[in-house]
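In: sharing a model prediction with you, sequence too.
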Amino acid sequence: MNCTYLGHSTFLLETEHALLLFDYTGGPLELPERKKNLLVFASHRHGDHFNKAIFSLAAQKRDAVFILSSDIATHLVPQDVQVRWMGPYEEISIHDVAVRTLKSTDEGVAFVIQAEGRTIYYAGDLNHWHWEGESEAYNLQMKRDYHAELRLLPAKLDLAFVPVDPRLGPFYSLGAKDLVARVKVKTLIPMHFWKDSSVCEKLKAELKDEDVEVLQLTNEIQTWRNL
């Protein structure tokens, strides 16, 4: 399985038979010419995760299927594209790719995907958002809500795409640390770091005693092969 980082929270996964594109909002994108099914995921409506420009991909892959969070406005979607809408706690299967959703602690959904024997978790904005400006009660409820969703994850994940937002200050890694404390994660891929890729190195250091590989992202397009 190959993984290409395209910026912020945008990733392209290439399996043997499918291309899985997550939260693409624009910019350089070269889809492999090999004939593979294209599944385009959008976890929620925020502008750093969804842009209606994604529907232009249907011209490159006419059989592309767009798997969209139900909070995205329907009027933004052209009538001539294949769309599967998903709210929290729903399940679908497309081209032998099984998808189920969790409820985000912000907007939209997170995706749990089974593809070719691998289990992939794409969090979107499902995270332990601990904001220093919020009340103690708010942050406690956020913690409870996040942990409730983690309990719905499989015991093992091959790939986990997880927010590590530097705007949270010292709490940027809470979501990632909560995840690996509860779930066996083979490879953790940081995202949503607003071009401050230094948090990737910090996270790796914080998790050095855990049995997990933390990919080191930069602010450039990167590809990892045979994950």
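Out: Everything's here; your move. Residues are numbered from 1 along each chain as shown.
In: biggest helix in the chain by residues?
Out: For the chain, the longest helix by residue count, based on DSSP state H, is helix 136-150.
In: helices or strands up against the next helix or strand after it?
Out: Downstream of helix 136-150, the next assigned helix or strand under DSSP states H and E is strand 156-163. With contacts defined as 3 or more C-beta pairs under 8 Å, 6 or more residues apart in numbering; DSSP states H and E, strand 156-163 has these neighbours: strand 118-122, helix 174-182, strand 184-191. Yep, even glycine has a C-beta here, placed from its N, CA and C like the rest.
In: list the buried residues of the first one.
Out: Which is strand 118-122. Going by neighbour count (16 or more other C-beta atoms under 10 Å), the buried part of strand 118-122 is 119, 120, 121, 122.
In: from the residues you listed, which is closest to residue 128?
Out: Using C-beta to C-beta, residue 121 comes nearest to residue 128 of those, at 14.6 Å.
In: how about the closest one, what does it touch?
Out: Counting by C-beta atoms under 8 Å, 6 or more residues apart in numbering, residue 121 touches 110, 111, 112, 113, 153, 157, 159, 160, 161, 162.
In: picking that back up, tell me what the longest helix of the chain is packed against?
Out: Helix 136-150 sits against helix 174-182, with contacts defined as 3+ C-beta pairs under 8 Å, 6+ apart.
In: what's the spacing between residue 175 and residue 12?
Out: From residue 175 over to residue 12 the distance is 23 Å, taken as C-beta to C-beta, to the nearest Å.
In: ugh, wrong one, residue 198
Out: 24 Å.
In: looking at those two, which is more packed in?
Out: Taking other C-beta atoms under 10 Å, residue 198 and residue 12 do not tie; residue 12 has more neighbours (22 against 11).
In: re earlier: any chance of JSON lines for the buried residues of strand 118-122, columns pLDDT and distance to residue 140?
Out: Formatted as JSON lines, those follow (pLDDT from 0 to 100; distance: C-beta to C-beta, whole Å):
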{"residue": "119", "pLDDT": "98", "distance to residue 140": "30"}
{"residue": "120", "pLDDT": "98", "distance to residue 140": "30"}
{"residue": "121", "pLDDT": "98", "distance to residue 140": "24"}
{"residue": "122", "pLDDT": "98", "distance to residue 140": "26"}
